[in-house]
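Student: let's see this in three dimensions:
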Amino acid sequence: MSLGRRDFITMVVSAAAAWPLTARAQQAVLPVVGVLWSGERDFFDSERWRALRQGLSDAGYLDGRNLTFEYSWADNQYDRLPALAAEFVRRRVSAIVAITTPATLAAKAATTTIPIVFQLGIDPVAAGVVASLNHPSGNATGATNLTASLVTKRLQLMRELLPAVVSIGVLVNPASRELTETQSAELRTAAQILGLDLHFVSASTADEIDAAFAMLVQGHVGAVLPTDEPLFLDRAKQIVALAARYALPAMYSYREFAAAGGLISYASNLPDLYRQVGAYAARILKGEKPADLPVLQPTKFDLVINLKTARALGLSVSRDMQLIADEVIE
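Tutor: From the prediction side, this is the model:
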């Protein structure tokens with residue numbers, strides 16, 4: 001039996017009308033990952049974000065094909081994070097990737113059922129995020145970059161590079177209470193052992209960072225150490241420029257600072273850690289439970305020295321220190 005012209009046209013039109021509905025239905029079943037970031041929008045153009053996505057793509061998850069991202073960032077206004085996390089819960093996302101300590105704490109407070117994959121800089125057990133590193137138990141797992149444990153090593157490196165300096169200014173962000181308290185306590189302990197005098201100054205905005213550096217100069221500190229704080233990483237260029245303006249040697253937390261002209265940095269390798277966070281998110285999307293995935297800890301650490309900046313400050317970096325560095329910027 002053959003179709004008449006009118007029947008054929010009706011069939012084609014009906015199929016064309018149904019196609020968008022089918023496409024939308026397929027899109028609707030894609031898993032949605034909510035990404036909660038405490039800092040500025042620029043993070044989503046960073047190497048760290050590309051590494052996280054690489055961890056997902058290595059497991060077969062590609063944005064727009066079999067995965068959808070929803071992004072929320074707080075522009076370093078941490079009091080906005082609880083509402084942003086609550087919105088992800090309201091939308092019933094498949095999982096939340098919480099980046100930084102403040103974002104993780106907000107996500108954990110918002111839900112006990114939606115899986116959370118975190119990256120934070122404090123002990124997640126002490127913070128109540130997981131029951132233990134090997135057996136998280138609840139709805140959250142991820143990676144800790146052990147930043148609190150690394151502050152002692154940073155002070156030791158400063159002592160080696162600047163043996164005559166005994167007074168060090170420490171830049172902290174009081175808005176990030178848990179991270180600040182943890183790092184400050186460990187810094188005080190290490191400083192006492194090394195015979196160093198620490199001067200803490202607070203900053204929670206770009207303008208306050210400017211004022212904090214002016215206070216440190218007035219206090220005649222011999223060097224500066226910004227704590228491992230998301231705001232300071234977002235403002236890396238500003239902080240490096242201030243250190244150069246006041247001719248203050250500074251020890252930084254991540255390679256981004258040294259690459260921007262900072263003197264020296266030491267920390268876990270962030271791209272490697274973020275790639276692992278992405279891989280964990282993929283495993284959860286495939287059905288594994290956060291409670292069964294041990295919290296990851298870094299295995300790669302980077303010491304980066306900027307010799308150009310050292311020369312500008314009139315500093316001599318020993319050959320031994322250069323040899324142990326993972327990267328020397330000429």
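
Student: from memory His135 sits against Pro290, does it?
Tutor: No: if you go by Cβ atoms under 8 Å, His135 and Pro290 don't touch, sitting 10.7 Å apart. The C-beta positions use only the backbone N, C-alpha and C, and glycine is treated the same way.

Student: mind checking which of the two has more residues around it?
Tutor: Neighbours were counted for His135 and for Pro290 using other Cβ atoms under 10 Å; Pro290 has more, 23 against 13.

Student: what separates that one from Val166, distance-wise?
Tutor: 46 Å (Cβ to Cβ, to the nearest Å).

Student: quick one: the helices in the stretch 101-250 of the chain?
Tutor: 101-110, 147-161, 177-194, 206-218, 230-234, 236-245 (DSSP state H, counting those that start in this stretch).

Student: can you tell which of those helices is closest to Ala325?
Tutor: Of all those, helix 147-161 sits nearest to Ala325, with 10.1 Å by Cβ to Cβ.

Student: average pLDDT for the closest one?
Tutor: Averaging pLDDT along helix 147-161 gives 85.

Student: how about stretch 219-232?
Tutor: 94.

Student: start to end distance for it?
Tutor: Stretch 219-232 has its terminal residues 21 Å apart, counting by Cα to Cα, to the nearest Å.

Student: ends of stretch 56-65, how far apart?
Tutor: End-to-end distance for stretch 56-65, by Cα to Cα: 12 Å.

Student: same question for it: list its buried residues.
Tutor: Residues 56-57, 61 are the ones in stretch 56-65 that count as buried (16 or more other Cβ atoms under 10 Å).

Student: in strands only, show me those.
Tutor: Counting by DSSP state E, no part of the buried residues of stretch 56-65 is found in strands.

Student: tell me the one among those nearest to Ser184.
Tutor: Checking those against Ser184 by Cβ to Cβ gives Leu56 as the nearest, at 35.0 Å.

Student: any idea which element the nearest residue to the closest one once chain neighbours are set aside lies in?
Tutor: Closest residue in space to Leu56, ignoring its immediate chain neighbours: Gly278 at 4.4 Å, by Cβ to Cβ, 6 or more residues apart in numbering. If you go by DSSP states H and E, Gly278 is part of helix 270-285.

Student: which helices and strands does that helix pack with?
Tutor: Packing contacts for helix 270-285, counted by 3 or more Cβ pairs under 8 Å, 6 or more residues apart in numbering; DSSP states H and E, involve helix 47-58, strand 95-99, strand 116-120, strand 140-144.

Student: in CSV: the ones you listed, plus mean pLDDT and distance to Val170.
Tutor: Listed next are the helices and strands packed on helix 270-285 as CSV, based on pLDDT from 0 to 100; distance: least, Cβ to Cβ, whole Å:
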stretch, mean pLDDT, distance to Val170
helix 47-58, 97, 24
strand 95-99, 98, 24
strand 116-120, 96, 20
strand 140-144, 97, 21
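
Student: Lys308 is nearest to which of these?
Tutor: Nearest of the helices and strands packed on helix 270-285 (Cβ to Cβ): helix 47-58, 21.4 Å.

Student: burial check on Leu161, number of neighbours?
Tutor: Look at Leu161: counted by other Cβ under 10 Å, it has 20 neighbours.

Student: so it touches Pro249, yeah?
Tutor: Yes: in this structure, Leu161 is within contact of Pro249 by Cβ under 8 Å, at 7.4 Å.

Student: now for these two: what residues contact both?
Tutor: Here Leu161 and Pro249 have 263, 315 as joint contacts, going by Cβ atoms under 8 Å, 6 or more residues apart in numbering.
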